[in-house]
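K.L.:
with the input below, show me the fold.
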Amino acid sequence: MKFSNAMKSAFPAAVVGFLTLGLASTSAFAVTTVTATMAVSATVQGTCVVSTTPMAFGTYTAVASNSTATVSVTCTNTTPYTLGLNGGTTGTVTARVMKSGAVALGYGLFTDGAWTTNFATLASVNGTGSAQVTTVYGQIPAGQYVAPGLYSDTITATVTY
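P.N.:
Below you'll find the predicted structure:
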């Protein structure tokens, strides 16, 4: 009997000891964290986009007629570019013409509102990452007595970067 009484009183102490050891041993296995770095990179390529607004002179009555249009260029920041306007579908940069059939109506495109500097190619400009708008000044000189009709031309704006 003494043995079983000793066992009865030792059993709860053993359970408490076992639980204490079990709980203590789980805290000995702490969570470990490891880290690594990841390199991230990109190469930005210089690029540009260009858009234009139409130039409408309205009705021409042999009196000088003026109009404006805009060319908008957006290039990546610091990308150097030049903007050029060609001679149209049948003219040249220095002698642009609108046509109605075979009949030509001369006009000019200029970089200034005084109509003194022909618009061919502008000097190099650096892109800013935002739209850079250039005004194009157009003029049909007075004194052209051509046949009535609808005259038109198509100018191509070229951005070189």
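
K.L.:
where's the residue positioned nearest the centre of the chain relative to Thr59, distance?
P.N.:
Geometric centre of the chain, nearest residue: Thr74, 5.6 Å, by C-alpha atoms, centre = their mean. From Thr74 across to Thr59, the span is 34 Å (C-beta to C-beta, to the nearest Å). (Glycine included, C-beta is placed from N, CA and C.)

K.L.:
OK, contacts around Ala62?
P.N.:
Applying C-beta atoms under 8 Å, 6 or more residues apart in numbering, we find Ala62 in contact with Ala142, Gly143, Gln144, Tyr145.

K.L.:
residues making contact with stretch 106-123?
P.N.:
With C-beta under 8 Å, 6+ apart as the criterion, stretch 106-123 contacts 55, 57, 66, 82-85, 91, 93-98, 134-141, 144, 153, 155.

K.L.:
I meant to write stretch 149-161 there.
P.N.:
46-48, 50, 52, 60, 71, 73, 75, 79-86, 88-91, 96-101, 103, 105, 107, 109, 127.

K.L.:
kindly recompute the last result at 7 Å.
P.N.:
Stretch 149-161 has contacts (C-beta atoms under 7 Å, 6 or more residues apart in numbering) with 46, 48, 50, 52, 71, 73, 75, 79-86, 88-89, 91, 96-100, 105.
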